[in-house]
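K.L.:
Please work out how this folds:
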Amino acid sequence: MAYGTEALVPVEVGLESYRTKVYNMETNSFGLRANVDLLEEEIEAAHQRNMKYLLQAAQHYDSNIKKRSFGVGDLVLRELAASMPTKQGKLQTKLEGSYKVIEVVRPRTYKLETLTGETIKNTWHTNRLQKFYQ
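P.N.:
Sure, this is the predicted structure:
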């Protein structure tokens with residue numbers, strides 16, 4: 001489709017075909033104006049389809065994620081790469097500590113303290129923590 005009309009094959013230009021016989025300039029221009037009038041509705045329909053697709057993609061992605069949350073008093077381990085990035089290596093342990101959750105700052109974000117009672121100054125996200133089982 002080119003500029004609202006279908007392209008003609010070179011054979012159709014030289015020989016008459018059904019499309020070239022029934023072509024009417026007024027009907028064609030009326031159809032083009034009707035397409036322009038319906039353009040906003042087409043854009044809205046495409047937007048609705050896109051939003052539906054994004055919602056389905058988000059639901060599919062979220063179905064594979066394990067939701068983790070901790071309560072005050074839970075024991076957790078934290079990633080060594082997040083707390084000390086220079087001390088990571090191939091043969092290093094990936095987790096450190098055991099820390100106690102002392103406050104839920106907001107959903108999935110926590111304040112920690114060591115088992116000796118020292119408060120850790122940063123907040124930690126669930127992605128960087130793992131439950132510690134004794």
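K.L.:
which stretches of the chain have low pLDDT?
P.N.:
The chain contains residues with pLDDT under 70 at 1-6, 8-15, 17-20, 83, 85, 87-88.
K.L.:
Tell me where it has helices.
P.N.:
10-14, 18-22, 25-37, 39-63, 80-83 (DSSP state H).
K.L.:
quick one: the third one to chain centroid distance?
P.N.:
Offset of helix 25-37 from its chain centre (CA atoms, centre = their mean, to the nearest Å): 39 Å.
K.L.:
related to what we said a few turns ago, ok, which of the helices of the chain comes nearest residue 89?
P.N.:
Between residue 89 and the helices of the chain, the shortest separation by CB to CB is 9.6 Å, and it involves helix 80-83. Where C-beta positions appear, they are placed from N, C-alpha and C, glycine not excepted.
K.L.:
returning to what we had before: please identify the deepest-packed of the helices of the chain.
P.N.:
Counting by mean count of other CB atoms under 10 Å, helix 80-83 has the highest mean neighbour count of these, with a mean of 16.
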